[in-house]
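Colleague: Based on what follows, work out the 3D shape:
(one chain, ligands or ions: 3)
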Amino acid sequence: MSARGPLLAAVPAPRESIPPQPAAVQAGPTAADWSAAVTAVRDLPPDGSVLLICHVNPDGDALGSMLGFGLGLRRLGVRHLQATFPGAAGDRPEVPEPFQALPGLDLLVSDDRASADPDLVVCFDVAAESRLGALVDRLDRTPASVVLDHHASNTWFGQIHLVDPSAAATSVVAVQLLDRLGVPLDAEIAECLYVALATDTGSFKFDMTTPAVHELAARLLGTGIRPGEISRRVFDTRPFGAVKLYGEVLGRAELEPAAAGGVGRVWAYATLEDLRRHDQRPYVLEGLIDSVRCAAEADVSCVVKQVADDEWAVSLRSKGAVDVGRVAVALGGGGHRLAAGFTGRGSVAEVMAQIRAQLDA
Ligand code: AMP
Ligand code: MN
Ligand code: MN
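Modeller: Ligands and ions are numbered 1, 2, ... in the order given. Below you'll find the model as predicted:
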């Protein structure tokens, strides 16, 4: 590890001594937070190393904001640069098919090859340390860490916090930091940030699609990237087996119109056996919640996806009547008011019972 630079003396105390600060999370980054983050990058030692990390089962925002920012650091001349996520494996870690054409994938290394003692760790789209798996130890060891996120449920880990719950995606935070670092946006950086923005806003359909979001999209499109091609790749291309799998899983979805205090709940589940039968990878189920939540009779939708024998990745959505972020946090997860998730244990019935207990409470 290189010697600490001048910035590092000014870095706040280690995370253990920082209690969760919900008020600070809500307020978004201060001018001091931004300048601490800029200083953390500018004061890297000559030949300093940077490790970029994002959450397990990375989505478009996690990968897009991480790789877009990574390409920006590369343009600044940072040479020792790695990106990874929990579970990244092999010489060229695989990402879900929709993201296999993202620029900057050459930055990815397997999680066990990620530098053990980088000079700076930058963390993207991670609401809680539990989403970092074993990579959390890099945060403990590094002399400086910057956390870029937009989850209101952020648990305030790491040292420098750029956590803005009003941001539609972590890439909105990332672009502000790139601007402050003086990195011009080129088409490669823009494509990464655009994928992040488009995925987290549900293709610019969700309420957080503010004028500023469209202004950022316009700026990104101004670099010449092709939105039609990108959207087709990211949203509209799946193996035929996934189409059949969706048919089966949606065929057994259940509607409970009187549930969740009368606003209605719709839910579906998919097992590892379902995936095996259709020869599909888990990522193809990421979009399942979008098909389930169409049901007009339900405000709340749930998709329960098996990831191990008695472990399930649960997606929750609300159309506005219910704070599913609260439900997810109560069950050990996190997210936003209208889109959240948690890891469930036991059988599908047991996981649904946990959700019912919270929703119907
Ligand atoms: P998903 O349903 O996987 O699209 O996730 C919806 C939102 O909930 C995203 O903002 C995720 O970051 C968050 N989320 C999902 N699962 C978890 C979890 N196990 N812990 C914390 N946050 C989660
Ligand atoms: Mn994410
Ligand atoms: Mn996000």
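Colleague: what's the longest helix along the chain packed up against?
Modeller: In terms of residue count, the longest helix belonging to the chain (DSSP state H) is helix 60-75. If you count contacts as 3 or more Cβ pairs under 8 Å, 6 or more residues apart in numbering; DSSP states H and E, helix 60-75 packs onto strand 49-54, strand 80-84, strand 120-124, helix 170-180, helix 187-200. From N, CA and C alone the C-beta is placed, and that goes for glycine too.
Colleague: Using CSV, write out the CA atom coordinates for it.
Modeller: C-alpha atoms of helix 60-75 as CSV (Å, rounded to 0.1, in the frame of the first residue of the first chain):
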residue,chain,number,x,y,z
GLY,A,60,-27.4,-1.9,-15.2
ASP,A,61,-26.8,0.9,-12.7
ALA,A,62,-24.2,-0.9,-10.7
LEU,A,63,-22.2,-1.9,-13.7
GLY,A,64,-22.9,1.2,-15.8
SER,A,65,-22.0,3.7,-13.1
MET,A,66,-18.9,1.7,-12.1
LEU,A,67,-17.5,1.1,-15.6
GLY,A,68,-18.4,4.6,-16.8
PHE,A,69,-16.6,6.1,-13.8
GLY,A,70,-13.7,3.7,-14.3
LEU,A,71,-13.3,4.8,-17.9
GLY,A,72,-13.3,8.4,-16.6
LEU,A,73,-10.4,7.6,-14.2
ARG,A,74,-8.5,5.9,-17.0
ARG,A,75,-8.9,9.1,-19.0
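Colleague: is that helix anywhere near ligand 3?
Modeller: Yes. For helix 60-75 and ligand 3, the contact criterion (Cβ under 5 Å from the ion) is met by D61.
Colleague: To A27, which of the helices and strands packed on helix 60-75 lies closest?
Modeller: Closest approach to A27 among the helices and strands packed on helix 60-75 is made by helix 170-180 (13.8 Å; Cβ to Cβ).
Colleague: List the contacts of that closest one.
Modeller: Outside helix 170-180, the residues within contact range by Cβ atoms under 8 Å, 6 or more residues apart in numbering are 29, 34, 37-38, 61-62, 64-65, 68-69, 72, 124-125, 146, 148-150, 162-164, 167, 185, 189, 192-193, 196-197, 200, 212-213, 216.
Colleague: Filter the residues you listed down to the buried ones.
Modeller: By neighbour count, with 16 or more other Cβ atoms under 10 Å, the contacts of helix 170-180 hold 29, 34, 37-38, 61-62, 64-65, 68-69, 72, 124-125, 146, 148-150, 162-164, 167, 185, 189, 192-193, 196-197, 200, 213, 216 as buried.
Colleague: near ligand 3, which residues of this protein?
Modeller: So the chain meets ligand 3 at D61, D125, T170, D200 (Cβ under 5 Å from the ion).
Colleague: wait, doesn't the second one sit right on A62?
Modeller: It stands for D125. Yes. With contacts counted by Cβ atoms under 8 Å, D125 reaches A62, the gap being 4.1 Å.
Colleague: Close to ligand 1: what parts of the stretch 151-300 of the chain are there?
Modeller: H151, I289 (Cβ under 6 Å from any ligand atom).
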